[in-house]
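1. can't give you the sequence, but here's the structure:
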């Protein structure tokens, strides 16, 4: 199955394992809660979905790459304990708590989250001395004489033998005690994730044209060569940083991440064209509504790949703008909640103290969530932005020294008004960019499949679709209504044709 379906399966299993009956007991006893075993090629996103599941469900997450552990760190160290049996004292070997289990207990104490996921990566690449202990853990959920706390679900991940020479095969006894999920690469599913994570537009445009280059692993005369989902995502992060610093991304740089020379070379050539089109069609100016008719004529006469690349460039610009508005909106909502709380406390405490308490509580909540592994990248940015803004508000009030609570809160409202104005300005600017992009593409492409693909991508992207839903876009709605009309017309024609067909 693909990684999206695997994520759903894990979420459903988590719900089932953590559900309780009318007596408050887990419906499925711990011993029957089979560990989940994810098997799939490297770099397909197994670790990422565990982080997403923890963030979306609010449970804790403790993750280990088990190949980094020895028998002692996983099992614990032996020590001598004296016990009396039948009136006779004996020296008995016991074990200290495993580092892994201790991490689970520590997370529960520090965060107050008592249910979660223990994720063990590369489970089938462990050392020979650790293998018996790990198999015991999968079967019994204990390391030595120390059990995994109730409410914690075990998820393990590994690679099939064709991808890793260090793999150890599990026996039937072990496999019969796990819930096994086999994962295959799927570009369409990964693209949903990539849109949300803001993967570089050039990578998405390229893989739309070369889907077979998304994931490949080959053994050649020159050794192992591969292109993986992890490689594309990490390359995207580097490309965005390089662009911000004005550094070039060439074939050598790409080859450090996409370790299949022919794909790295092909993408490098595409990236050069992508950047060429950015300058040739002056994409930034197009989004500002500053383009000449001759530019639309040039795009109209361009090959299909070039048209798609230009559409990709415009989409990338709109994604970035919409994501920024979405972040500002989330930040504004967070600050509004804090200021509402401050207003409620005005009758019993100074505004400055109430604001400081709200800021400290937000910091504590963020630290707990981060420790529990339940903070996704966008939530992190919103939380850090809110904390920084609250600090600015505190410094402003401390410097102004308002005469009373009313004056202090009035100053807070003025500062918050600047924030809402910033959001409104960004939303208006982004709306103009949407309109400008549609105006240019309608002039250049008319009623073409490229424009259909452009509108479809806006619908599928979580940032642009959020923007359109919340702020609207007349050009987008106009295009969608026409597509709906065309689809209805085609359906009617098909029905007429079918009715006239001979029996």
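-> Nice, thanks for sending it over. Treat the numbers as computed from the prediction; the structure is a model and nothing was measured.

2. okay, domains of this structure per the record?
-> Listed by automatic domain parsing, the domain ranges of the chain are 3-75+102-184, 186-280, 295-503.

3. may I see those arranged in a markdown table, with mean neighbour count as well?
-> For every residue, glycine as well, the C-beta is placed using N, CA and C. Shown next, in a markdown table, are the domains of the chain (neighbours: other Cβ atoms under 10 Å):
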| stretch | mean neighbour count |
| --- | --- |
| domain 3-75+102-184 | 17 |
| domain 186-280 | 17 |
| domain 295-503 | 16 |
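
4. out of those, nearest to residue 90?
-> With Cβ to Cβ, the closest approach to residue 90 among the domains of the chain belongs to domain 3-75+102-184: 15.8 Å.

5. and the end-to-end length of the closest one?
-> One end of domain 3-75+102-184 sits 7 Å from the other (Cα to Cα, to the nearest Å).

6. re earlier: let me have the domains of the chain in TSV, extended by mean pLDDT.
-> Listed next are the domains of the chain as TSV, based on pLDDT from 0 to 100:
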stretch	mean pLDDT
domain 3-75+102-184	82
domain 186-280	90
domain 295-503	85
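
7. closest one to residue 83 among these?
-> domain 3-75+102-184 (12.7 Å).

8. so what's the spatially most central residue of the chain up against?
-> The structure's the chain has its C-alpha centroid closest to residue 197; by Cα atoms, centre = their mean the separation is 5.5 Å. Each residue near residue 197 by Cβ atoms under 8 Å, 6 or more residues apart in numbering is listed here: 233, 377.

9. returning to that earlier point: in TSV: the domains of the chain, plus distance to residue 82.
-> Putting the domains of the chain into TSV (distance: least, Cβ to Cβ, whole Å) gives the following:
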stretch	distance to residue 82
domain 3-75+102-184	16
domain 186-280	51
domain 295-503	38
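
10. looking at those domains, spot the one closest to residue 94.
-> Closest of those to residue 94 is domain 3-75+102-184, at 6.5 Å (criterion: Cβ to Cβ).

11. run the chain-centre distance for that closest one.
-> Distance, stretch centre to chain centre, for domain 3-75+102-184: 20 Å (Cα atoms, centre = their mean, to the nearest Å).

12. how about stretch 297-306?
-> With Cα atoms, centre = their mean as the basis, stretch 297-306 stands 34 Å off its chain's centre.

13. so which residues make contact with it?
-> Identification of contacts with stretch 297-306 by Cβ under 8 Å, 6+ apart yields 209, 273, 277, 280-281, 307, 310, 444-446, 450.

14. which residues touch residue 320?
-> Residue 320 sits next to residue 198 when contact means Cβ under 8 Å, 6+ apart.

15. before we move on, which element is it in?
-> Assessed by DSSP states H and E, residue 320 sits inside helix 304-345.

16. same thing with residue 156?
-> Assigned by DSSP H and E, residue 156 belongs to strand 152-158.

17. and that strand, which strands flank it?
-> strand 36-39 (parallel), strand 116-121 (parallel) (DSSP bridges).

18. and those as CSV, adding distance to residue 472?
-> As requested, the strands paired with strand 152-158 are exported to CSV (distance: least, Cβ to Cβ, whole Å):
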stretch, distance to residue 472
strand 36-39, 41
strand 116-121, 40
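
19. what's next to the strand holding residue 156, contact-wise?
-> The contact list for strand 152-158, computed with Cβ under 8 Å, 6+ apart, reads 10, 13-14, 17-18, 33, 35-40, 46-47, 50, 60, 66, 104, 115-125, 137-138, 141, 148, 167, 178.

20. one more time with 7 Å
-> 10, 14, 17, 33, 35-39, 46, 50, 104, 115-125, 138, 141, 148, 167 (Cβ atoms under 7 Å, 6 or more residues apart in numbering).

21. now do the same end-to-end measure for stretch 370-383.
-> Start and end residues of stretch 370-383 are separated by 11 Å (Cα to Cα).

22. surely residue 28 touches residue 20?
-> No - in terms of Cβ atoms under 7 Å, residue 28 does not count as a neighbour of residue 20; the distance is 10.1 Å.

23. show me where the stretch 151-300 of the chain has strands.
-> Using DSSP state E, counting those that start in this stretch, the strands of the stretch 151-300 of the chain run over 152-158, 179-182, 216-220, 223-227.

24. surely residue 114 and residue 151 touch.
-> Yes - if you go by Cβ under 7 Å, residue 114 and residue 151 touch, sitting 5.7 Å apart.

25. between those two, which contacts overlap?
-> Common contacts of residue 114 and residue 151 (Cβ under 7 Å, 6+ apart): none found.

26. now do the phi/psi pair for residue 372.
-> Residue 372 adopts backbone torsions of phi -80, psi -10, taken as degrees, to the nearest 10.

27. figure out which of the strands of the stretch 151-300 of the chain is closest to residue 256.
-> Among these, strand 223-227 comes nearest to residue 256, with 12.3 Å by Cβ to Cβ.

28. now do that closest one against strand 216-220, angle only.
-> Strand 223-227 and strand 216-220 are oriented at 170 degrees to each other (axes from the mean of the first three to the mean of the last three Cα atoms, to 10 degrees).

29. same for strand 223-227, what does it pack against?
-> Applying 3 or more Cβ pairs under 7 Å, 6 or more residues apart in numbering; DSSP states H and E, one finds that strand 223-227 contacts strand 216-220.

30. and the strands of the stretch 151-300 of the chain as a markdown table, adding distance to residue 99?
-> Putting the strands of the stretch 151-300 of the chain into a markdown table (distance: least, Cβ to Cβ, whole Å) gives the following:
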| stretch | distance to residue 99 |
| --- | --- |
| strand 152-158 | 15 |
| strand 179-182 | 26 |
| strand 216-220 | 33 |
| strand 223-227 | 32 |
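
31. of all those, which one comes closest to residue 239?
-> Smallest distance to residue 239 across the strands of the stretch 151-300 of the chain (Cβ to Cβ): 15.2 Å, for strand 223-227.

32. how far out from the middle of the chain is the closest one?
-> Taking Cα atoms, centre = their mean, the mean C-alpha location of strand 223-227 is offset from the chain mean by 26 Å.

33. kindly report the same for stretch 378-390.
-> 17 Å.

34. now what about that stretch, what contacts it?
-> With Cβ under 7 Å, 6+ apart as the test, stretch 378-390 has contacts from 327, 330-331, 334-335, 338, 355, 359, 362-363, 366.

35. dump those to JSON lines, plus distance to residue 96.
-> Output for the contacts of stretch 378-390, formatted as JSON lines (distance: Cβ to Cβ, whole Å):
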{"residue": "327", "distance to residue 96": "46"}
{"residue": "330", "distance to residue 96": "44"}
{"residue": "331", "distance to residue 96": "46"}
{"residue": "334", "distance to residue 96": "43"}
{"residue": "335", "distance to residue 96": "47"}
{"residue": "338", "distance to residue 96": "44"}
{"residue": "355", "distance to residue 96": "46"}
{"residue": "359", "distance to residue 96": "40"}
{"residue": "362", "distance to residue 96": "38"}
{"residue": "363", "distance to residue 96": "34"}
{"residue": "366", "distance to residue 96": "33"}
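
36. from those, which single one is nearest residue 414?
-> residue 335 (13.0 Å).

37. which residues touch that closest one?
-> Applying Cβ under 7 Å, 6+ apart to residue 335 gives the contacts 386, 389, 416, 419.

38. mind running it again at 8 Å?
-> The contact partners of residue 335, by Cβ under 8 Å, 6+ apart, come to 386, 389-390, 416, 419.

39. on that earlier part again, so which of the strands of the stretch 151-300 of the chain comes closest to residue 254?
-> Proximity to residue 254 (Cβ to Cβ) singles out strand 223-227 among those, at 10.2 Å.

40. name the residues that touch the closest one?
-> 43, 213-219, 258-261, 263-264.
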